[in-house]
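Participant: Have a look at this fold, sequence not included:
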């Protein structure tokens, strides 16, 4: 069995869509399970769609996710098949284009865009194929000396594959089984353009996969209609015995409704569809990414892995190594996968809970410094331990814990109406005096003393404790009350109680 070699071959036309990330992930998992190589190749033959910064974005996104490139763009050393940018491989492709022309398996066409538009207007459902090529301006209808003269005079042309009709072209797909498409529905696709001296995607794709010894082409379902053309190209070039195996992955679908997941769905429902933040250099439009939205890379990998594949077990959380060990194409679905972004949040919550309080505290500390708050790390670790269970992201920590760092300036009106009674100010003043006399302000000791005082005074436990929380937090939320007071300390606790007595009393 030849060595498994797969490639991820995106075009640098903008941010990498999350569907492309999943394709890269599945290629990577498949390669690593079989002890093979994962290549990154940049397919930039369409120079008109090139976007500056897109290639660097792709490399950074894969690196962030832990999808490590063995060969090609972004690898430590590019490898034996360099260059890996198609725009740098012009001379390589030209010889194979010439080979097809010499064998009569392709032909030169001089039709202008205006002539093609005229034919489309004249012939319903026009396509350039065996039925229509005889009506067009090409090397099949022109004398050889006329063709040579046109080329010598610098007339622009394309090279088209010559597909014969009425042949059933069979594609063996590892996910979908045998797919049969009759050649009569295929058009004579353009393989090469003289305008820039570059091949089109189809020609470059097949030549590169052959020369780079790709064993398996694992790509999105949208490329399935192109697979018969690629099979024919392998045959025409004499490479059938070296043709890779194909696997076409199901689409990622909208969370609601029908159709393929798009950036508009993310904008509409409030979730990223790109791995990293991206700013379009042409329009300045900014799109959010999973990294900047606060997701952990391992959560994104885990989430994406299960969109179209299942392990056959009840397990939901997998490390990258576990995914490598379990992944198989025969467990990839044929049908599209609904993009459940809420499940993505759930995964991030799970991974957040498993991280140490120290690691999370370091991450949270960066946000605190940006907000102008400084606190010793041991206290931040304690705060994180109290609030992380209620959080999906580190960015949620501030909303869950701001009262640890700053006293409330307002008090929730509904809680005031419900919890602040006529007897409350006097009780809070008594509580402040009680707390002032406590030396050991640990949560356990303070709780014991306060609850004994409430019982001895025969006060309502809920009434006192809820008013106490309102005084310290400003609303009826937060972790255990005495864990809060231990962190903020005796002086701050008393100061907040006294301020609440002054401010809330005015509102009654």
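Facilitator: Thanks, I have the structure now. Predicted model, so just to flag it, every value in this text is computed and none were measured.
Participant: Tell me where the stretch 201-350 of the chain has helices.
Facilitator: Counting by DSSP state H, counting those that start in this stretch, the stretch 201-350 of the chain has helices at residues 201-211, 227-236, 263-269, 297-305, 320-326, 341-354.
Participant: nearest to residue 482, of these?
Facilitator: With Cβ to Cβ as the measure, helix 341-354 is the member of those nearest residue 482 (23.2 Å). C-beta coordinates here come from the backbone N, C-alpha and C atoms, glycine included.
Participant: okay, how far is it across stretch 209-227, tip to tip?
Facilitator: Using Cα to Cα, to the nearest Å, one end of stretch 209-227 lies 13 Å from the other.
Participant: what sits up against that stretch?
Facilitator: Residues from elsewhere that reach stretch 209-227 (Cβ atoms under 8 Å, 6 or more residues apart in numbering): 2-7, 19-20, 23, 26-27, 30, 36, 39, 41, 81, 92, 171, 173-174, 176, 179, 181, 202, 208, 234, 237, 239, 242, 244-251, 329, 336.
Participant: buried stuff in it?
Facilitator: Buried residues in stretch 209-227, counted by 16 or more other Cβ atoms under 10 Å: 209-210, 212, 214-221, 223-224, 226-227.
Participant: of all these, which comes closest to residue 158?
Facilitator: Within these, proximity to residue 158 (Cβ to Cβ) peaks at residue 226, which comes in at 17.2 Å.
Participant: rewinding a little: any chance of the helices of the stretch 201-350 of the chain in TSV with mean pLDDT as columns?
Facilitator: What follows is these, written out as TSV (pLDDT from 0 to 100):
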stretch	mean pLDDT
helix 201-211	97
helix 227-236	98
helix 263-269	92
helix 297-305	98
helix 320-326	98
helix 341-354	97
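Participant: Could you point out which of those sits nearest residue 128?
Facilitator: Across those, the minimum distance to residue 128, taken as Cβ to Cβ, is reached by helix 227-236, at 13.1 Å.
Participant: Break the chain down into its domains, please.
Facilitator: When the chain is parsed with automatic domain parsing, its domains come out as 89-249, 407-507.
Participant: any weak-confidence spans in the protein?
Facilitator: Low-confidence segments of the chain, defined by pLDDT under 70, are located at 1, 506-508.
Participant: If we use 90, what do you get?
Facilitator: When residues are selected by pLDDT under 90, those of the chain lie in 1-2, 45-50, 76-79, 257-258, 282, 505-508.
Participant: for it, longest helix please?
Facilitator: Selection of the longest helix in the chain by residue count, based on DSSP state H, yields helix 490-507.
Participant: re the thing from before, could I get the domains of the chain in CSV, plus columns for distance to residue 12?
Facilitator: Below are the domains of the chain laid out as CSV (distance: least, Cβ to Cβ, whole Å):
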stretch, distance to residue 12
domain 89-249, 13
domain 407-507, 47
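Participant: From residue 96, how far off is residue 192?
Facilitator: 9 Å (Cβ to Cβ, to the nearest Å).
Participant: rewinding a little: which of the contacts of stretch 209-227 fall in strands?
Facilitator: Counted as lying in strands by DSSP state E, out of those, are 5-7, 39, 171, 173, 179, 181, 245-249.
Participant: from these, which would you call buried?
Facilitator: Of all these considered here, the ones buried according to neighbour count by 16+ other Cβ under 10 Å are 5-7, 39, 171, 173, 179, 181, 246-249.
Participant: Could you work out the most separated pair of those?
Facilitator: Put simply, by Cβ to Cβ the two of those set farthest apart are 39 and 181, 27.6 Å from each other.
Participant: phi, psi of residue 437?
Facilitator: Comment: the main-chain dihedrals of residue 437 come out as phi -90, psi 0, following degrees, to the nearest 10.
Participant: Now for it, how many residues are close by?
Facilitator: Each residue near residue 437 was counted by other Cβ atoms under 10 Å, and the total is 8.
Participant: now do residue 486
Facilitator: In terms of burial, residue 486 registers 21 neighbours under the definition other Cβ under 10 Å.
Participant: again with residue 351
Facilitator: Applying the criterion other Cβ under 10 Å, we find 19 residues in the vicinity of residue 351.
Participant: wait, it sits on residue 296?
Facilitator: Yes. Residue 351 sits in contact with residue 296 when judged by Cβ atoms under 8 Å, with a separation of 4.9 Å.
Participant: ok, back up a step: for the buried residues of stretch 209-227, which one is nearest residue 283?
Facilitator: Using Cβ to Cβ, residue 220 is the member of these that sits closest to residue 283, with 25.3 Å.
Participant: so the closest one bridges to which residues?
Facilitator: residue 249 (DSSP bridges).
Participant: measure it to residue 8 for me?
Facilitator: Distance, residue 220 to residue 8, by Cβ to Cβ: 11 Å.
Participant: So for those two, which residues contact both of them?
Facilitator: Listed as contacting both residue 220 and residue 8 by Cβ under 8 Å, 6+ apart are 20, 23.
Participant: these two touch, right, residue 198 and residue 91?
Facilitator: No. With the criterion set as Cβ under 8 Å, residue 198 and residue 91 do not qualify as a contacting pair; they are 11.1 Å apart.
Participant: Compare those two and say which is more crowded by neighbours.
Facilitator: Set side by side, residue 198 and residue 91 give different neighbour counts by other Cβ under 10 Å, the larger being at residue 198 (20 against 8).
Participant: got a list of what the more buried one touches?
Facilitator: Contacts of residue 198 were listed using Cβ under 8 Å, 6+ apart, and they are 45, 47, 86-87, 90, 93, 192, 204.
Participant: chain center to stretch 123-142, what's the gap?
Facilitator: For stretch 123-142, the separation from the chain centroid amounts to 42 Å (computed by Cα atoms, centre = their mean, to the nearest Å).
Participant: next one: stretch 4-24
Facilitator: Counting by Cα atoms, centre = their mean, stretch 4-24 is centred 10 Å from the centre of its parent chain.
Participant: What residues sit buried inside that stretch?
Facilitator: Of all the residues in stretch 4-24, those buried under the rule 16+ other Cβ under 10 Å are 4-12, 14-24.
Participant: Next: stretch 106-115.
Facilitator: Across stretch 106-115, burial judged by 16+ other Cβ under 10 Å covers 106-111.
Participant: ok, back up a step: higher neighbour count, residue 192 and residue 96?
Facilitator: Under the criterion of other Cβ under 10 Å, the comparison of residue 192 against residue 96 puts residue 192 first, with 27 against 23.
Participant: Tell me how far the strand or helix carrying that one lies from the chain's centre.
Facilitator: Secondary-structure assignment from DSSP states H and E places residue 192 in strand 190-193. Taking Cα atoms, centre = their mean, one finds strand 190-193 lying 32 Å from the centre of the chain it belongs to.
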